[in-house]
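Chemist: predicted model, plus sequence, below.
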Amino acid sequence: MDGNGRWAKARGKERIQGHIEGVNSVRACVEAAARAGVRWLSLYAFSEENWNRPAAEVQALMKLMVQALNNEIDNLVKNGIRLRVLGNLERLGPELQSLIESMSAKTEGGERMTLVIFLSYSGRWDILQAVKRASSELSAQQLEALDQDGFSRFLVTSGIPDPDLLIRTSGEQRISNYLLWQCAYTEFYYTDTLWPDFREPQLLEALEAYAGRDRRYGKVK
């Protein structure tokens, strides 16, 4: 969800104002995705690398995350949307960790759509922690027999389908350490629209573009 800071700068505002407006785009896109029949929607909210930003901005982002989750819990439950938050959550503060646990439990029964928020996440961290888990839980013989599907069960996305479409806003054209294993055959969609301006029309445009893709997974029709 790129472009919050640039959106704010273009309007002579503080960066945090861009993040606040970005929350409105999250709400709009979650509701639009559910209406469009999307069953799984993931948002890359905060990367492991984002911890290197100025401390004041990180603190403001964490505070905003708490506020946003508290404000949206009723809407998620009402709309049948299950929430999952994945990443290196041990780095988060106790208030946010407790809130994530509570919201995940309250929305567990949602069957319309699953919203996955990646928080304090990086693809390299995910693969590394999966290797460590597999090494500690499997015997040498089991490790030798481990295939790609088996390895995927040790990633934090275990049980979640690999993404069909990755939308990259604000003109960025890189993967930025996001779901490196899982995006092996994901379709990419790039737009110059800054995230605070990305709403239902832009989402539907991306879905329409995806619908016209020819996905062969290395095969020939």
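Modeler: Cool, got the structure.
Chemist: from here on, just use CA atoms for contacts and neighbour counts.
Modeler: Noted.
Chemist: ok, now which ones touch D126?
Modeler: 87, 155-156 (CA atoms under 8 Å, 6 or more residues apart in numbering).
Chemist: which residues sit in contact with the nearest residue to S42 once chain neighbours are set aside?
Modeler: Leaving aside its sequence neighbours, S42 sits nearest to V116 (CA to CA, 6 or more residues apart in numbering; 4.4 Å). Contact analysis of V116 by CA under 8 Å, 6+ apart lists 40-43, 83-86.
Chemist: return the alpha-carbon coordinates of the helix or strand harbouring V116 using CSV.
Modeler: Per DSSP states H and E, V116 falls inside strand 113-121. Coordinates of the C-alpha atoms in strand 113-121 are reproduced here as CSV (Å, rounded to 0.1, in the frame of the first residue of the first chain):
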residue,chain,number,x,y,z
MET,A,113,-13.9,-13.3,3.1
THR,A,114,-10.6,-13.6,5.0
LEU,A,115,-8.6,-10.4,5.5
VAL,A,116,-4.9,-11.1,6.1
ILE,A,117,-2.8,-8.2,7.4
PHE,A,118,0.9,-8.7,7.2
LEU,A,119,2.5,-6.8,10.0
SER,A,120,6.2,-6.8,10.9
TYR,A,121,6.6,-9.2,8.0
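Chemist: list the buried residues of stretch 170-186.
Modeler: In terms of neighbour count (16 or more other CA atoms under 10 Å), stretch 170-186 has its buried residues at 170, 177-179, 181-183.
Chemist: which residues touch the helix or strand hosting S25?
Modeler: Element membership for S25, per DSSP H and E: helix 15-35. Here helix 15-35 makes contact (CA under 8 Å, 6+ apart) with 4-9, 41, 57, 60-61, 64, 68, 112-113, 115, 195-200, 203.
Chemist: what's the most distant pair in the buried residues of stretch 170-186?
Modeler: S170 and W181 (23.7 Å; CA to CA).
Chemist: name the helices or strands packed onto the longest helix out of those in the chain?
Modeler: Using DSSP state H, we find that the single longest helix of the chain is helix 55-78. Where contact means 3 or more CA pairs under 8 Å, 6 or more residues apart in numbering; DSSP states H and E, helix 55-78 is packed against helix 15-35, helix 94-106.
Chemist: quick one: low-confidence ranges for this protein?
Modeler: Nowhere does the chain drop to pLDDT under 70.
Chemist: any idea how far the residue nearest to the spatial centre of the chain is from R6?
Modeler: Central residue of the chain (CA atoms, centre = their mean): L43, 2.6 Å from the mean position. As judged by CA to CA, to the nearest Å, L43 and R6 stand 19 Å apart.
Chemist: try N75
Modeler: 29 Å.
Chemist: also Q202?
Modeler: 18 Å.
Chemist: try T193
Modeler: 11 Å.
Chemist: can you say which helix or strand has the residue located most distally from the centre of the chain in it?
Modeler: What lies farthest from the middle of the chain is Q141; by CA atoms, centre = their mean that is 34.6 Å. Counting by DSSP H and E, the element that carries Q141 is helix 140-145.
Chemist: which SSE is immediately downstream of that helix?
Modeler: Taking DSSP H and E, what comes next after helix 140-145 is helix 148-152.
Chemist: buried residues in that following helix?
Modeler: 151-152.
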